[in-house]
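In: Predicted structure and sequence below. I'll ask about it afterward.
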Amino acid sequence: MARYEHPDVSFDVPRDWEDRSVVAFAAPQPGSATTLPNVVMSRDALGDAPGIRQYADRQLIELAKRLDGFGLIERREAMLGGSPAVELRFEWRGAAPRSSNAS
């Protein structure tokens, strides 16, 4: 078994399981701001996509289908640790906050 180590948690992972990690960081909320910049990195297998570019394009299509007000800001090919990568910058309209007023 592989061992997952993090400062807050550690556990054994069965050897045949895939690592589909998601790492997310959000900026602190200044005052009454309702939107925050954030960075999310996910790990996944390419599946039937022949390469990272096609995988990223497939992800963009899914995001556009599922997120209200989805808008692509930038799609940029890059290198990360010597490997090809695709950086996606986008925005969408999140769900409106629910009212906490009781009737």
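Out: Yep, that arrived. The structure presented is a predicted model; accordingly, all values stated were derived computationally and were not measured.
In: rest of the way, CA atoms for contacts and neighbours
Out: OK.
In: so how far is the first residue of stretch 32-39 from its last?
Out: 21 Å (Cα to Cα, to the nearest Å).
In: what does stretch 35-54 contact?
Out: 19-29, 55, 77, 84-86 (Cα atoms under 8 Å, 6 or more residues apart in numbering).
In: I meant stretch 10-19, not that one.
Out: Where contact means Cα under 8 Å, 6+ apart, the residues beyond stretch 10-19 that reach it are 1, 2, 3, 4, 5, 43, 44.
In: JSON lines please, covering those residues and showing secondary structure.
Out: Putting those into JSON lines (DSSP: H, G, I helix; E, B strand; the rest coil) gives the following:
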{"residue": "1", "secondary structure": "coil"}
{"residue": "2", "secondary structure": "strand"}
{"residue": "3", "secondary structure": "strand"}
{"residue": "4", "secondary structure": "strand"}
{"residue": "5", "secondary structure": "strand"}
{"residue": "43", "secondary structure": "coil"}
{"residue": "44", "secondary structure": "coil"}
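In: Out of these, which is nearest to residue 91?
Out: residue 43 (20.5 Å; Cα to Cα).
In: Any stretches of the protein with poor pLDDT?
Out: The model of the chain has pLDDT under 70 over residues 95-103.
In: And the helices in it?
Out: According to DSSP state H, the chain carries its helices in the segments 52-66.
In: Give me the residue at the spatial middle of it.
Out: Of all residues in the chain, the one closest to the mean position by Cα atoms, centre = their mean is residue 40, 4.0 Å from it.
In: so what's it bridging to?
Out: Residue 40 forms beta bridges with residue 24, as assigned by DSSP bridges.
In: Contacts only, for residue 77.
Out: Per Cα under 8 Å, 6+ apart, neighbours of residue 77: 53, 84, 85, 86, 87.
In: Same question for residue 67.
Out: Applying Cα under 8 Å, 6+ apart, one finds that residue 67 lies in contact with 92, 93, 94.
In: got a markdown table for the residues you listed, with neighbour count and distance to residue 65 too?
Out: Shown next, in a markdown table, are the contacts of residue 67 (neighbours: other Cα atoms under 10 Å; distance: Cα to Cα, whole Å):
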| residue | neighbour count | distance to residue 65 |
| --- | --- | --- |
| 92 | 14 | 11 |
| 93 | 10 | 13 |
| 94 | 11 | 14 |
